[in-house]
Each structure stands twice: as structure tokens, then as C-alpha cells.
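Engineer: Provide a 3D model corresponding to the input given below.
(one chain, ligands or ions: 1)
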Amino acid sequence: MITQDISEIPQKLVDAANAVLDWHWQETEVGGVDWHMAVASDPDAMLVEACERQDAGEEGVIDPFWATTWRAAAGLDRFLQSIDVKGKSILELGCGTGHVGIAAAIRGADVVLTDGVEDPLHLVRMSSYPVRSRCQIQRLRFGQDELPERFPILLGSDVTYLRQLWPELLECIEQHLAPDGVVFLSDPCRIIGNEFREWIKPHPFDYVEHKVQMDDDPEHPIRVMELRREAVN
Ligand SMILES: C[S@@+](CC[C@H](N)C(=O)[O-])C[C@H]1O[C@@H](n2cnc3c(N)ncnc32)[C@H](O)[C@@H]1O
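Structural biologist: Presented below is the predicted three-dimensional model:
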């Protein structure tokens, strides 16, 4: 059983996070165990600041949606209970604060946790410290950055929320998915998620949908979209 002692986290990781944002520890269940996650202290203020910078004409400012804790991550974490990830090599896309990737590492997977922006990765380095031997953490922008490896499992929670992201997300999936690999994408059954489902269907993937019931609000399950490359005859 993996345990976490946040006092063991090297000061240099704490200093690096302190240098870029206000954050605090939040206790939550991750990978079936009680875990301390490092999270942003004021996500709303960060979103307002990003909007102001965009309004002022600054280019390349990405909305800090990573700063919020999304139910889709807890749902995908719960879904991972039903598949054997131990010893598997996994790539997480748009990991935000890293709930899903850390859950997979706690369950024994070797995980590359990635996000398009660097700030949340400072938090991920702290939260994943007890499972650091199974975690690699790095920046990866959909459609722009490519890793040399191909992965049997790709994970993404709440990364389908923006139509403009879909072509780049698909490119990233195509680049990193092993030929017989599987992608699991979760979302809280948003309308935009339904649109993504229709958009992805003509692409060469077999599509299966799962629903994960959540204790906090059983009437609003989390959807997990399972995508596998269509077999070529
Ligand atoms: C709604 S948040 C979800 C975060 C996390 N997966 C969760 O469920 O808590 C979407 C995530 O996608 C990341 N993202 C947005 N655009 C991206 C891009 N072009 N490349 C890589 N990541 C991106 C954001 O930085 C953010 O962390």
C-alpha cells in the first residue's frame, strides 16, 4: 500500500511551485487511497487574469482550466479500477493537476503526465512524489509536441471541452497511440462532449461509451469514451 508523507517533498519542488502560483494541499481519493493533491488556491482569479491578458491583445494565453478540480478526473480514476493498468505504459494528455495519471501510477502503471502549460506540472511533481519512479512529467501541446514513444493506453479527462482543440487532440492521439492501443476520454456528459462523439465517429476508431456513476451526484454520471483504431482488413 502506497503512503504519502508531504513533509518528504523536496523544498526545491515547493519553491518552484511557489514561484509561479498560490496553491494548497487538498485531500481527495486518488487511485483508491486518500491522497494530498496540490491544487491552485484561486482558480477564478487566475481565469479572470487570463481573460484580461487576452482582452489586452496578448497572444498564446491559454485559459487556466487546469486550475479547477474536474469531476471527469474522479470519474476516469474510478473507471481505471475496471482495467488492469499494472505495469502498463500510459500517456495522460491535458493532465491539469494530475489526478488521473497519479491514480494510474498508484495502481502500478508507468505514466507520462503531460499538459500544454507548465504551471500545473509544478503541482503534479509534488502530488506524484511518492510514485515518482513511475511518473514522468512534461509539457506536451496537442498537435505541436511529439514524444518518441507510442503508448498502449492514452488517458484524457475533460479535454474535449473546446471545439477548436479537437483536430489537435486527434493529431496528438494519432501520433502517440500504439497500433493496438486504446484511448479513454472522460467528460461530465456535456453537450459539447456529444458533439465531439459525433465529430470523432467518421474517423477510423471503434467507439464504445461507458458511464461511471459517482457518489457525489449519482444522477450525473461521468462518460468515458473508449476509442480503438479500427482494424484494417
Ligand atoms: C478542463 S482541463 C482538465 C484538466 C484535468 N485533465 C482534469 O480533468 O482535472 C483541460 C486541460 O487541457 C489542457 N490543455 C488545453 N489545451 C491544450 C493543448 N493545446 N495541449 C495540451 N493540453 C491542453 C489544459 O491546460 C488543462 O489542463
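
Engineer: list the buried residues in the longest strand seen in the chain.
Structural biologist: With secondary structure taken from DSSP state E, the chain has its longest strand at strand 177-187. Neighbour-count burial for strand 177-187 flags 177, 181, 182, 183, 184, 185, 186, 187 (criterion: 16 or more other C-beta atoms under 10 Å). Where you see a C-beta, it was placed from the backbone N, CA and C, and this is true even at glycine.

Engineer: what's the closest of these to the ligand?
Structural biologist: residue 186 (7.5 Å; C-beta to the nearest ligand atom).

Engineer: which residues touch the closest one?
Structural biologist: By C-beta atoms under 8 Å, 6 or more residues apart in numbering, the contact list for residue 186 reads 72-73, 75-76, 79, 100, 156-158, 212, 222-225.

Engineer: out of those, which sit inside helices?
Structural biologist: 72, 73, 75, 76, 79, 100 (DSSP state H).

Engineer: the last one is in contact with residue 73, isn't it?
Structural biologist: Yes. Contact criterion C-beta atoms under 8 Å: residue 100 and residue 73 qualify, at 5.1 Å.

Engineer: the more surrounded of those two?
Structural biologist: residue 100 (33 against 29; other C-beta atoms under 10 Å).

Engineer: that older thread, can you add pLDDT and distance to the ligand and give the contacts of residue 186 back as TSV?
Structural biologist: Formatted as TSV, those follow (pLDDT from 0 to 100; distance: C-beta to the nearest ligand atom, whole Å):
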residue	pLDDT	distance to the ligand
72	97	5
73	97	4
75	97	9
76	98	8
79	98	13
100	98	6
156	98	7
157	97	4
158	95	4
212	97	13
222	97	10
223	98	13
224	98	12
225	98	14
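
Engineer: ok, and the most crowded of these?
Structural biologist: Compared across those, residue 100 has the highest neighbour count, 33 neighbours, by other C-beta under 10 Å.

Engineer: ok, now which ones touch that residue?
Structural biologist: 73, 76, 77, 80, 92, 155, 157, 186.

Engineer: which of those residues lies closest to residue 137?
Structural biologist: Closest approach to residue 137 among the contacts of residue 100 (C-beta to C-beta): residue 92, at 9.7 Å.

Engineer: OK, contacts around the closest one?
Structural biologist: Residues near residue 92 by C-beta under 8 Å, 6+ apart: 98, 100, 101, 104, 111, 112, 113, 114, 154, 155, 156.

Engineer: so the most centrally placed residue in the chain: helix, strand or coil?
Structural biologist: In the chain, the centroid-proximal residue (C-alpha atoms, centre = their mean) is residue 95; its distance is 2.7 Å. Following DSSP: H, G, I helix; E, B strand; the rest coil, the label given to residue 95 is coil.

Engineer: for stretch 106-119, measure first residue to last.
Structural biologist: Stretch 106-119 has an end-to-end distance of 23 Å (C-alpha to C-alpha, to the nearest Å).

Engineer: what about it, distance to the chain center?
Structural biologist: Centroid separation for stretch 106-119 versus its chain: 7 Å, with C-alpha atoms, centre = their mean, to the nearest Å.

Engineer: and it, anywhere near the ligand?
Structural biologist: Yes. For stretch 106-119, a contact with the ligand is found by C-beta under 6 Å from any ligand atom, at 115, 116, 117.

Engineer: re earlier: out of the contacts of residue 186, flag the one nearest to residue 65.
Structural biologist: Distance to residue 65 across these (C-beta to C-beta) is lowest for residue 158, with 7.8 Å.
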